[in-house]
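Peer 1: model this:
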Amino acid sequence: MSSEDLRARRRRRLGADLSLSYREPLTIVRGGGAYLYDTEGRAYLDLVNNVAHVGHAHPRVVAAAANQKALLETNTRYLHPTILEYADRLAATLPPHLEVVHLVNSGSEANELALRMARAATGRRDVAVVELGYHGNTSGLVDISPYKFDGPGGAGRPPTTHVAPLPDPYRGRHRGSTRESGAAYVADLGAVLEGAEVQGHPVGAFIVESAPGSAGQVIPPPGYLSGAFERARAAGGVAIADEVQVGLGRVGSHWWAFEVDGALPDIVTMGKPLGNGHPLGAVVTTRAIADAFANGMEYFNTFGGSPVSAAVGLAVLDVIEEEGLRDRAVRSLAEAGYATDDLIRVYDVVKARSIRERLIRIFAERSDRAAVDKLVAIAKNDPDEGLRRVAVRRLAETGDPRAKEFLEATVRR
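Peer 2: This is a model prediction of the structure:
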């Protein structure tokens, strides 16, 4: 069937609000790894999809789904070890205060559930968000998504939603990726929270994508996310990190984008990458918030947390770890030509020792002034003795006079 025939059938049967990509839409019939294939077998490098986290049709993920589906596909009203194993593995990637897991089917479901939890914990309905934020496709989430309610067909901001400036260090009201601009954006959020309180609409939740995607792949300035979450809590609200699009190792240095700034959310929501295309989302929160939500009304999700979904989620985690995908993401920083100063910032926030060792090697390969200075600082001051030794060894390979001077002084001591 031709592309025109498919488009005609689509117009007759599907909603007109479903968009198609490209002036000449593609008929895609297969995926494999990083590629999509059309009806003629032509391969397209897929730089668009943010769901096939470990590659289209990854054999480990496909096998996990098929094997479990052949055994059992039911719900959480029965005991089953796989859901518990997955919940444990997922929680282990997060700060220890985030310990209670609810599994759902999508990022939208996750964010809806997070709002219910926040409202149960605070008794407040109002929500603070940032400009151009997007959190899902339900009516309740469109109401807290400026990207939607201020866009085509939108009805404008509801009175229970309060919008703070987008913390954009390049196009926003405070320029520069500095702690000063981060603090200025936190102050802007504080003013919005205070204004809502004065109006008799105290905010119960502040929700933000840890790296706003629909707003333009914005990386907030240092100190913003951690400061914003603290400011929200000080105002009596719950801090929600929306990791639906950017989480599960995509930043390379950490499992979750909020960790880059050392932020501590009260709730984390997850979706798109968890199931690599299988409908899987999650909400992870504190024990106190989970207990407040468990007020007698049962939370039941027909498909969320099925053994099939849990098996798929486990397979995705296994692939990320066994194929070293986070490590490869950091390695791509050097290959993509990122500035040494940017890589130094990554080193300063990263926790994984393997990634730090790789960055040390990159510094030695570059051997520019900033790189050598950073190697000297690591060799002198890093709390990890093993990394200090690696830095000393790599300094010897640079041939830089400053490195030579440091090494000679070390020998004399």
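Peer 1: in the stretch 201-350 of the chain, which ranges drop under the pLDDT threshold?
Peer 2: For the stretch 201-350 of the chain, the stretches flagged by pLDDT under 70 are 333-336.
Peer 1: can you map out the strands along it?
Peer 2: 203-209, 238-242, 267-270, 281-285 (DSSP state E, counting those that start in this stretch).
Peer 1: buried sites along stretch 289-309?
Peer 2: Of all the residues in stretch 289-309, those buried under the rule 16 or more other Cβ atoms under 10 Å are 289, 290, 292, 293, 301, 303, 304, 305, 306, 307, 308, 309. Where C-beta positions appear, they are placed from N, C-alpha and C, glycine not excepted.
Peer 1: how long is that stretch from one end to the other?
Peer 2: 25 Å (Cα to Cα, to the nearest Å).
Peer 1: try stretch 6-22
Peer 2: 15 Å.
Peer 1: columns mean neighbour count and distance to residue 381 on top of the strands of the stretch 201-350 of the chain, output as CSV?
Peer 2: Below are these laid out as CSV (neighbours: other Cβ atoms under 10 Å; distance: least, Cβ to Cβ, whole Å):
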stretch, mean neighbour count, distance to residue 381
strand 203-209, 26, 33
strand 238-242, 29, 31
strand 267-270, 28, 32
strand 281-285, 28, 34
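Peer 1: what helix or strand is the residue found closest to residue 202 once you drop the neighbours it is linked to in the chain on?
Peer 2: Spatial nearest neighbour of residue 202, chain neighbours left out: residue 124 (5.5 Å); criterion: Cβ to Cβ, 6 or more residues apart in numbering. For residue 124, there is no enclosing helix or strand under DSSP states H and E.
Peer 1: residue contacts, residue 124?
Peer 2: Neighbouring residues of residue 124 by Cβ atoms under 8 Å, 6 or more residues apart in numbering: 118, 202, 203, 204, 205, 236, 237.
Peer 1: how far away is it from residue 196?
Peer 2: 10 Å (Cβ to Cβ, to the nearest Å).
Peer 1: quick one on the thing from earlier: a markdown table for the strands of the stretch 201-350 of the chain, including distance to residue 4?
Peer 2: Below are the strands of the stretch 201-350 of the chain laid out as a markdown table (distance: least, Cβ to Cβ, whole Å):
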| stretch | distance to residue 4 |
| --- | --- |
| strand 203-209 | 38 |
| strand 238-242 | 39 |
| strand 267-270 | 39 |
| strand 281-285 | 36 |
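Peer 1: residue 140 sits in which helix or strand?
Peer 2: In the assignment (DSSP H and E), residue 140 maps to helix 139-142.
Peer 1: ranges for the strands of the stretch 1-150 of the chain?
Peer 2: With strands called from DSSP E, counting those that start in this stretch, the stretch 1-150 of the chain shows them at 28-32, 35-38, 43-45, 100-104, 126-130.
Peer 1: quick check: which of these is buried the most?
Peer 2: strand 126-130 (a mean of 26; mean count of other Cβ atoms under 10 Å).
Peer 1: any idea how far stretch 161-173 is from the chain center?
Peer 2: Averaged C-alpha coordinates place stretch 161-173 at 19 Å from its chain's average position (Cα atoms, centre = their mean, to the nearest Å).
Peer 1: how about the CA coordinates for the longest helix anywhere in the chain, as CSV?
Peer 2: Longest helix in the chain, counting residues (DSSP state H): helix 179-198. Written as CSV, here are the backbone C-alpha positions of helix 179-198 (Å, rounded to 0.1, in the frame of the first residue of the first chain):
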residue,chain,number,x,y,z
ARG,A,179,25.5,29.9,40.5
GLU,A,180,24.5,33.6,40.5
SER,A,181,22.0,33.1,37.7
GLY,A,182,20.8,29.9,39.4
ALA,A,183,20.2,31.8,42.7
ALA,A,184,18.4,34.5,40.7
TYR,A,185,16.0,32.0,39.2
VAL,A,186,15.4,30.4,42.6
ALA,A,187,14.5,33.9,43.9
ASP,A,188,12.0,34.3,41.0
LEU,A,189,10.4,31.0,42.0
GLY,A,190,10.2,32.2,45.6
ALA,A,191,8.4,35.3,44.5
VAL,A,192,5.8,33.2,42.6
LEU,A,193,5.3,31.0,45.7
GLU,A,194,4.9,34.0,48.0
GLY,A,195,2.5,35.6,45.6
ALA,A,196,0.3,32.5,45.5
GLU,A,197,0.3,32.5,49.3
VAL,A,198,-0.8,36.1,49.4
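Peer 1: got the buried residues for that helix?
Peer 2: In helix 179-198, counting by 16+ other Cβ under 10 Å, buried: 181, 182, 183, 184, 185, 186, 188, 189, 190, 192, 193, 196.
Peer 1: return the member of these nearest to residue 215.
Peer 2: Lowest distance from residue 215 to these (Cβ to Cβ) belongs to residue 185, with 13.1 Å.
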